[in-house]
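Student: Give me a 3D structure for the following:
(chains A and B)
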Number of protein chains: 2
Amino acid sequence: MTGRRLKHWGWGYEDQAPTATQLREAGEGIRARFGFGGEVEKPVALKDVKIRKARLGAPEAFGDLFSDAHFERVSHALGKAYRDVVRGFRGEFENPPDLVAFPRDESEIETVFSWAEAEGAAVIPFGGGTSVVGGVEARLGERPVVTMDLRRLDRVLEVDPTSLAARIQAGATGPRLEEQLREHGLTLRHFPQSFEYATLGGWIATRAGGHFATLLTHIEDLVESARAITPRGTWESRRLPGSGAGPSPDRLLAGSEGILGAISEAWVRVRPRPEFKLSAGVEFDDFIAAAGAVRGIAQSGLFPSNCRLLDASEAELTGAGDGSADLLVLGFESAHHPVDAAMETALEIAREHGGTVKSGPSGRETAAGSKEEGGDGSGDAVGAWRGAFLLAPYLRDTFVACGVLSETFETAITWDRLEEFHATVMETTRTAVAEVTGSPREGAGAPRVSCRFTHVYPDGAAPYFTVLAPAVRGGEVEQWDEIKAAVSEALIAGGGTITHHHAVGRDHRPWYDRQRPAPFAAALRAAKAELDPAGMLNPGVLIDPA
Amino acid sequence: MTGRRLKHWGWGYEDQAPTATQLREAGEGIRARFGFGGEVEKPVALKDVKIRKARLGAPEAFGDLFSDAHFERVSHALGKAYRDVVRGFRGEFENPPDLVAFPRDESEIETVFSWAEAEGAAVIPFGGGTSVVGGVEARLGERPVVTMDLRRLDRVLEVDPTSLAARIQAGATGPRLEEQLREHGLTLRHFPQSFEYATLGGWIATRAGGHFATLLTHIEDLVESARAITPRGTWESRRLPGSGAGPSPDRLLAGSEGILGAISEAWVRVRPRPEFKLSAGVEFDDFIAAAGAVRGIAQSGLFPSNCRLLDASEAELTGAGDGSADLLVLGFESAHHPVDAAMETALEIAREHGGTVKSGPSGRETAAGSKEEGGDGSGDAVGAWRGAFLLAPYLRDTFVACGVLSETFETAITWDRLEEFHATVMETTRTAVAEVTGSPREGAGAPRVSCRFTHVYPDGAAPYFTVLAPAVRGGEVEQWDEIKAAVSEALIAGGGTITHHHAVGRDHRPWYDRQRPAPFAAALRAAKAELDPAGMLNPGVLIDPA
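Tutor: Here you go, the predicted model:
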């Protein structure tokens, strides 16, 4: 790939890395604010990164389809979990792919498959590489690995303005597909935190959660049909607004995380940009009361586009509050009709549960060309939160440099179990983090554990937990693994899901294996064996390698 | 089963069969109205039905778990497609099960599986037996068959009023589950035409379409988790409001039509009964203009609960109109807030597309205990259509007796292709029906072909076609098969689905096989072979018998 180059570790482009001065100032700010971290370390430079010698030579017959360049092998070696970022920072790329392939079309995907199969190599489909669950790391021992980067497939191929649908190649990132849809006055409105870098195919493969806090919460809710290349041929579903013909093929592909095939394109449901938008911030002095308000709104049938509840600590962390109150960020939008009445009805529910409207309802237009999540509503609590949302992954790189362990856990749970579940997970996380990092549980220098709801449903919510703690320099991965295990255990034991929208990958396997129905696991294994008899597609993800 | 007994053929209970006088009058009415049919024949009485000798003896070790009673074998031999009803009427039960099993709990389901496996028998899971696609008929040649009727599993086991969810056994029919939910002030609000007789498990197994014309169109949209007994163990998903952990297990079970296991229970999303309801009837003098209005409403984000478009002929047929205009039946409902504004906005869209509001908007309360679809809004066009909706399957039995061929075909298509698709399917159907029945295409005695939209989406609609034509006495099945093939060919060639909510069964197989992605079919076959190595579960449905 040419032009601006992504960092070989962490988030964003090389030119976005903070300067030494910025980092020093950030470190001082972190220390002053949290009471831990702050001493700035430097990442290992790309040229100093030592990786395993490639076990496959790039075949010359296919032009520039395959690359064994150092930068490509390094920058495709890891995802973007904290444990990935910290290893990348330290120059630890234990499992680099031997080759990186950059197919331009479906026939080149097939070429990669057949060449890799003949070589006995594994193939890891790779979109933005933003997996936070070990979804793209080749932990495969001696087996050679080709990582297949699909970002050359980045076009909007067709737009159907009548049905409000578009056929988009799987390797298009959020900005790439939005800029092409904008020419038609349309938008996908899928704005996960990975928006800038992740791809449509990656989102579908991992059931990514997006912009809409209710109703159309996951990318698969926007998929009209999908197309994938499998070692056993092309998987293409019909464009249908709805169907009852057998189990949904699209719903088996969604969440398959690259183990059944490489998604090459999809018809997705798009929409005109919203003309009417209102947002409001409502404060509560009790998180469970606030959750009651959210439940009321989620069960009302009003379907707000945003309905994110931040606990007091999370609100403070993101600059959306002063830490004294929980904050409900409520938004309605429509391309068709005013949303004032819906907002008023939702605010009434919030008030009935003890909420105080602190900002809005106010509407703002989004500057054409800016990202909705980032460019909207700045200047108040709602806008502050939105800005922080997209900046968080960048900030994490700074945290790593400054010795701060930062991570998130997310799940979903029905309302009846929410209060106890929330209390248990918060307590488990606080205890694990304090123990693992040797920190006090409360007061100065104590780790920060906070919670927000990212998506809500009539029958439950998706709580999302954020941890900030002092890192043990050089022992971050072990710290992370220990905390991850303790929290994941609490999520699964409490009846939640190991992931609401981050996917399973390799990191969530032990808990996913306990969560899924055993006969479903057997069915999935059999399906994979049928479509991928060589067991070469993303081995170890979702199910054990054959 | 004791008490009131279902007819051994056709729709409803034995005591609901029309008298000879009623049938004669109906025949005269039909002849006067349509110009064909009218001579009343009598069905073959149960005692005169001759069926194949049972190839399995009911094992005595399991009490009344198995039955080889004549009535049970006959009444479980067929579904409720026209081709089933007409065969039942004539006493032609070619493929009766050898035994019918009535498990009371999951362990008895397991008993049936293991006993049948040892006997080399097939097992057909059976809910209400309302399949219109050959989903429960054992066309299996020499292989002995146990049909497993799950209606003894008919209880609401648990209600979670906080999350608005209920755990319901798979064999509960619509009325049974609604009467138990009513004690809690809740309702599932899934009102397919099969409501009175079909079961929750059957709905999930076939991805049944229900009450809501938008948004939550299929039963799987209401499923929070599901439990099934497979020959390889119990399949149980977690109760989760949303998840991103691998492909959805529930979405593989939904639509599996009994080939992977027998669904035993599910947690479903329920809701308080609506307090606010409005309905309106809007007339159009052009079907495609009306479709444009429906598209506008479907893309508006208003999410009406009802948005059914009847063409002029369909409106006349159901007594909702005089045949001079197309009718849009529009409804909004909420348990939480008034729906007047939403209705007004939708009606405004309808007017912009040339619609004239002919009835309503008016709200009516539903008498407690009555069925929503049937008991609501009587006295106007909207109410007339609703009444006709639930009566249609009863009426079909009368049509059979009176020599009228009646059938329906349903599909879904994106908006961009709708106009041409609708024209082609209508034309194909008219031609096929006229040819097959030797009728004039127009004028007196011509067959009736009409269309309605049952469900609509932002990206398309689900058109539903109704055919009434003179039957060739004794040749009805061949007539039906020929028409079915011609129409199905048009649906598939035009880009539609072979079924939007009637399922695949055995009758839709040739077209389903062309519709689904080949690698998905391979995956499904492999999954079945893994879970059902003896290939005993509903062989021939969705995929070929092993």
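
Student: A:Glu94 - how many residues pack around it?
Tutor: 12 (other Cβ atoms under 10 Å in any protein chain shown). Every residue, glycine included, has its C-beta placed from N, CA and C.

Student: residues in contact with it?
Tutor: A:77, A:87 (Cβ atoms under 8 Å, 6 or more residues apart in numbering or on different chains).

Student: closest point of the stretch 101-250 of chain A to chain B, which residue?
Tutor: In the stretch 101-250 of chain A, the residue found nearest to chain B is A:Pro241; the distance is 3.1 Å by Cβ to the nearest Cβ.

Student: gap between that residue and B:Arg295?
Tutor: 11 Å (Cβ to Cβ, to the nearest Å).

Student: Give me the common contacts of the two.
Tutor: Listed as contacting both A:Pro241 and B:Arg295 by Cβ under 8 Å, 6+ apart are B:456, B:461.

Student: Surely the residue of the stretch 101-250 of chain A closest to chain B and B:Ala462 touch.
Tutor: Yes: using Cβ atoms under 8 Å, A:Pro241 is in contact with B:Ala462, at 7.4 Å.

Student: show me the contacts for A:Thr454.
Tutor: Residues in contact with A:Thr454, defined by Cβ under 8 Å, 6+ apart, are A:209, A:213, A:308, A:410, A:462-464, A:500-501.

Student: sorry, that was for A:Thr206
Tutor: Taking Cβ under 8 Å, 6+ apart, we find A:Thr206 in contact with A:131, A:135, A:255, A:257, A:501-503, B:244.

Student: Make a markdown table from these and add neighbour count, pLDDT and secondary structure to it.
Tutor: Converted to a markdown table, the contacts of A:Thr206 look like this (neighbours: other Cβ atoms under 10 Å in any protein chain shown; pLDDT from 0 to 100; DSSP: H, G, I helix; E, B strand; the rest coil):
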| residue | neighbour count | pLDDT | secondary structure |
| --- | --- | --- | --- |
| A:Ser131 | 29 | 97 | coil |
| A:Gly135 | 31 | 97 | coil |
| A:Gly255 | 26 | 98 | coil |
| A:Glu257 | 26 | 98 | coil |
| A:His501 | 27 | 97 | coil |
| A:His502 | 28 | 97 | coil |
| A:Ala503 | 29 | 98 | coil |
| B:Gly244 | 27 | 98 | coil |
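
Student: Of those, which is the nearest to B:Ala170?
Tutor: A:Gly255 (25.0 Å; Cβ to Cβ).

Student: Let me see the contact set for that closest one.
Tutor: A:205-207, A:220, A:503, B:244-248.

Student: hang on, the earlier thing: which one of A:Pro241 and B:Ala462 has more residues nearby?
Tutor: Neighbour count, other Cβ under 10 Å: between A:Pro241 and B:Ala462, B:Ala462 has more, with 28 against 25.

Student: Could you confirm A:Glu265 falls within a strand?
Tutor: Yes: under DSSP: H, G, I helix; E, B strand; the rest coil, A:Glu265 sits within a strand.

Student: was I right about it contacting A:Arg227?
Tutor: Yes: with contact defined as Cβ under 8 Å, A:Glu265 reaches A:Arg227; the gap is 4.9 Å.

Student: Please identify which residue in the stretch 251-400 of chain A comes closest to chain B.
Tutor: For the stretch 251-400 of chain A, Cβ to the nearest Cβ, closest residue to chain B: A:Arg251, 3.7 Å.

Student: what's that residue in contact with, if anything?
Tutor: By Cβ under 8 Å, 6+ apart, the contact list for A:Arg251 reads A:220, B:247-248, B:251-252.

Student: circling back: comparing A:Glu265 and A:Arg227, which residue is more hemmed in?
Tutor: Higher neighbour count among A:Glu265 and A:Arg227: A:Glu265, with 24 against 21, using other Cβ under 10 Å.

Student: That one bridge partners, please.
Tutor: Beta bridges link A:Glu265 to A:Gln169, A:Arg227, judged by DSSP bridges.

Student: Burial check on the residue of the stretch 401-546 of chain A found nearest chain B, number of neighbours?
Tutor: The minimum distance from the stretch 401-546 of chain A to chain B, using Cβ to the nearest Cβ, falls at A:Gly460 (3.1 Å). Neighbours of A:Gly460 under the rule other Cβ under 10 Å: 30.

Student: now swap in A:Asp397 and tell me
Tutor: 25.

Student: Over to the one 4 residues further on?
Tutor: Neighbour count of A:Ala401, defined by other Cβ under 10 Å: 25.

Student: Could you do the one 4 residues further on as well?
Tutor: By other Cβ under 10 Å, the residues close to A:Leu405 number 25.

Student: Next: A:Ala518.
Tutor: Neighbour number of A:Ala518 under other Cβ under 10 Å is 15.

Student: which phi and psi does the residue nearest to it when sequence neighbours are not counted have?
Tutor: Nearest residue to A:Ala518, sequence neighbours excluded (Cβ to Cβ, 6 or more residues apart in numbering or on different chains): B:Gly233, at 5.8 Å. Per-residue torsions, B:Gly233: phi 120, psi -180 (degrees, to the nearest 10).

Student: and B:Gly233, what are its bridge partners?
Tutor: Assigned bridge partners for B:Gly233, using DSSP bridges, are B:Thr230.

Student: Make a markdown table from the contacts of A:Thr206 and add distance to A:Arg269 to it.
Tutor: Listed next are the contacts of A:Thr206 as a markdown table, based on distance: Cβ to Cβ, whole Å:
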| residue | distance to A:Arg269 |
| --- | --- |
| A:Ser131 | 25 |
| A:Gly135 | 25 |
| A:Gly255 | 18 |
| A:Glu257 | 22 |
| A:His501 | 18 |
| A:His502 | 23 |
| A:Ala503 | 22 |
| B:Gly244 | 19 |
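
Student: Between these, which sits nearest B:Trp511?
Tutor: Distances from B:Trp511 to the contacts of A:Thr206, taken by Cβ to Cβ, are shortest for A:Gly255, at 27.8 Å.

Student: if we can go back for a sec, the residue nearest to A:Ala518 and A:Pro458, how far apart?
Tutor: Distance, B:Gly233 to A:Pro458, by Cβ to Cβ: 31 Å.

Student: Now do the one helix or strand in chain A whose mean pLDDT sits lowest: which elements does it pack against?
Tutor: None of the helices or strands of chain A scores lower by mean pLDDT, DSSP states H and E than helix A:381-401, at a mean of 82. If contacts are counted by 3 or more Cβ pairs under 8 Å, 6 or more residues apart in numbering or on different chains; DSSP states H and E, helix A:381-401 sits against helix A:20-34, helix A:82-89, strand A:276-284, helix A:312-317, strand A:326-334, strand A:356-362, strand A:404-410.

Student: How about the residues of the stretch 1-150 of chain A by chain B?
Tutor: Within the stretch 1-150 of chain A, no position lies close to chain B (Cβ under 8 Å from any Cβ of the partner chain).

Student: where does the stretch 1-150 of chain A have low pLDDT?
Tutor: For the stretch 1-150 of chain A, residues meeting the criterion pLDDT under 70 lie at A:1-2.

Student: Break down it into its helices, ranges please.
Tutor: Along the stretch 1-150 of chain A, counting by DSSP state H, counting those that start in this stretch, helices occupy A:20-34, A:70-75, A:82-89, A:106-119.

Student: Pick the most deeply packed of those helices.
Tutor: Sort these by mean neighbour count, taking mean count of other Cβ atoms under 10 Å in any protein chain shown, and helix A:82-89 sits at the top with a mean of 24.
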